[in-house]
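[1] can you look at this prediction? I've put the sequence above it.
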Amino acid sequence: MRRAGISWALLLAGCAGTPSVSGVRGASPRPEVPWTPPADLIPKVAAADTSARAAVPPDLSGRIRNLTLTEIVDLGLRNNPTTRLAWANAQTAASVYGSERGAWLPSIDAQVDASRLKTTASQGRTAVEQSVLAPSVTLEYLLFDFGGRRGRVGGARQRLVAASFAHNAAIQDVVLQIQVAYFQYLANRALLEAQRTTVEEARTNLTAAEERRRVGLATIADVLQARTAASQAQLDFQTIEGNVQTTRGALALSLGLPANLPYDVDSSAAIAPVAPLADSVNAIIASALQGRPDLAASRAEVEAARAGITEARGALLPSLGFSATGGRTYATTIPDGADSYSLSLGLSIPLFNGFSRQYDLRAAEFETEAARARSESLKQDVVFQVFRAYSELQTATRRVRTSEDLLASATQSNEVALGRYKAGVGSVLDLLAAQSALASARAQQVEARLTWSVSLAQLAHDAGVLDPGVESPLRLTTDTTAAPSR
C-alpha cells in the first residue's frame, strides 16, 4: 500500500508539471532560456522568389519589370489586406442583414421523436412493450410587435450600407497609399539620376583642378577640395541608392506583396506636366460632402442608431404571435398512426423586468446622439481636409515653377563658374559653391514635383473622387487664364 501511494504521488506530480507540446516541453524551464519549439510548429516556407511571384497574376507576370501606375494599383487592390478586411466586413454585414430579414417570415421546424419502452409487471398488471414514432412540424410567426422587428431589420440594413461604404473608403485609402509610395519611389529614382550627374560634374571639376595644378595655376589645396567634393557626391549617391531600394520595398508593401519581389515600374507618370487646378475649393468641398464614402458610412451609422431606438421602443410594447404544430404518432398499439395538432395565438405584454428595457431605450437614444455628433465632426474634418489639401496643392504648383527657375539659374551659374575656373580667373571655392547650389536645385525640383503629385492624389482622396482607375476627375488647366480641361 505504501509503494502504491508513492507511485500515485509521483504520477500526480508528473501530471501537475509543465505539459508538453508535440513531445516537447511546453514552456522554457528558466526565464533566461529561450523555448525550443517542436519541428511540426516550424512552418515550411517555400523559396522567397517563388512565393513572391505566386502573388502576381499571370496577366501581369510578363510585364513585371515595367508596371504602369494603373497596373500596380490594380495589383495592390487585389493583394492589400486592407481591402480584403473591409470586403470581408461588408460581406459579414450583408449576411447579418439577410439573417435579420428572416424575422419577416415564419419559422418552420420539423422534429421526429422515436422511443422504445417496456414497463414492469406489478400489482396484477402485465408488462408492456411499445415502440413510438412521433414526427411533427411546428410553425411560428410574429404577427405584430410595434416596430421592434422593423428596428432590428432596419438597423442591420444600415450597418450593411455603412460597411459597404467603409469598403469603398478602404479602396480609396489603399489607392492613395499606393500612389504616395509610387511617387516616392520615382522621386528617389530621379534623385539618383540627378546625383549621378552631380558625381560626374564633381569628377570633371576634379580633373580641371588637377590640370590647373599640373600647369602651375593651382595649388594642392584646390585639388584636395575638389577631391573632397567628389567623394562627398559619391557618398550622397550611395545613400540615395539605398533609399531607392527602401522605397521600392515600401511600394511592394503597399501592394500587399513581399518586399523582395523582383519588379519595377514605368516612370512615365513622373514626367507628367504640372498644371494648376481649375476647380474652386468650394466646388471640391461640395463634391466631398456628397461623395466621400466614409462620410456616407457615418450617415448610415446614424440611421442604424435610430433604428435601434425603434427596436428598443418596440420591446416596451406588446407583441402578437401565432404558432401551429401538427404531428402524427405511430406506436405498437397504433400501427396506422394518429394525427394531432395545436393552434395558438399569443399576446405577450411586457410588464416589468427591472427597468432594463427603459434603460435600453435610453441607451439607444444617446447612442443616436453620439452617432450624430460623430457624423457632424467627420463632416467638419472633411471640409478642413479638402481645404488643407487644396491649399497645399496650390503651394506645390507654385513651388514646381519656382524650382524650375532655380534649376535653370543654378545650371547657368555652374557653367559660368566652371568656365571661369578652367580659364584661370575663378577660384575653386566659387566652382564648388556653384556645383553645390546646382545639386541642391536638382534635388529641390525633384522634391517639388513629388510634393505636387502627392498633393494632387491627396486632394482627390479627400474630395472622395480617387478611384481605382487612377484617373482623377479634378480639372487641371495649362495656365490660369486657359479654359479648364480634364
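    Okay, I see it.

[2] only C-alpha atoms for contact and neighbour calcs from this point on.
    OK.

[3] contacts only, for Glu210.
    Counting by Cα atoms under 8 Å, 6 or more residues apart in numbering, Glu210 makes contact with Val223.

[4] Trp35 now?
    27-28.

[5] can you tell me the element it falls in?
    For Trp35, there is no helix or strand it lies in under DSSP states H and E.

[6] equivalent analysis for Asp405, please.
    Going by DSSP H and E, Asp405 is in helix 356-423.

[7] quick one: that helix to chain centroid distance?
    20 Å (Cα atoms, centre = their mean, to the nearest Å).

[8] for stretch 116-135, same thing?
    The chain centroid and the centroid of stretch 116-135 are separated by 67 Å under Cα atoms, centre = their mean.

[9] sheet partners, orientation included, of the longest strand along the chain?
    Scanning the chain for the strand with the most residues, using DSSP state E, yields strand 129-144. Its sheet considered, strand 129-144 pairs with strand 107-118 (antiparallel), strand 319-331 (antiparallel) by DSSP bridges.

[10] name the residues of the last one that are buried.
    When neighbours are counted by 16 or more other Cα atoms under 10 Å, the buried residues of strand 319-331 are found to be 319, 322-323, 325, 327-331.

[11] and after that strand, which helix or strand comes next?
    Per DSSP H and E, the first helix or strand lying C-terminal to strand 319-331 is strand 338-348.

[12] that next one vs strand 319-331, what angle?
    Interaxial angle, strand 338-348 versus strand 319-331 (axes from the mean of the first three to the mean of the last three Cα atoms, to 10 degrees): 160 degrees.

[13] what packs against strand 338-348?
    When contacts are defined as 3 or more Cα pairs under 8 Å, 6 or more residues apart in numbering; DSSP states H and E, strand 338-348 sits against strand 319-331.

[14] ok, and what's touching the strand it packs on?
    Residues outside strand 319-331 that contact it (Cα under 8 Å, 6+ apart): 130-146, 336-349.

[15] stretch 253-267 too?
    Here stretch 253-267 makes contact (Cα under 8 Å, 6+ apart) with 48-49, 52-53, 55, 64-69, 72-73, 75-77, 79-81, 174, 177-178, 181, 186, 248-250, 252.

[16] what does stretch 282-289 give?
    By Cα under 8 Å, 6+ apart, stretch 282-289 touches 295, 379, 382-383, 386-387, 462-465.

[17] got the buried residues for that stretch?
    284-285, 287-289.

[18] cool, stretch 208-216 as well?
    Those buried within stretch 208-216 under the rule 16+ other Cα under 10 Å are 208-210, 212-213.

[19] got CSV for these, with pLDDT and distance to Thr402 too?
    Shown next, in CSV, are the buried residues of stretch 208-216 (pLDDT from 0 to 100; distance: Cα to Cα, whole Å):
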residue, pLDDT, distance to Thr402
Ala208, 90, 31
Ala209, 91, 33
Glu210, 91, 36
Arg212, 86, 36
Arg213, 88, 38
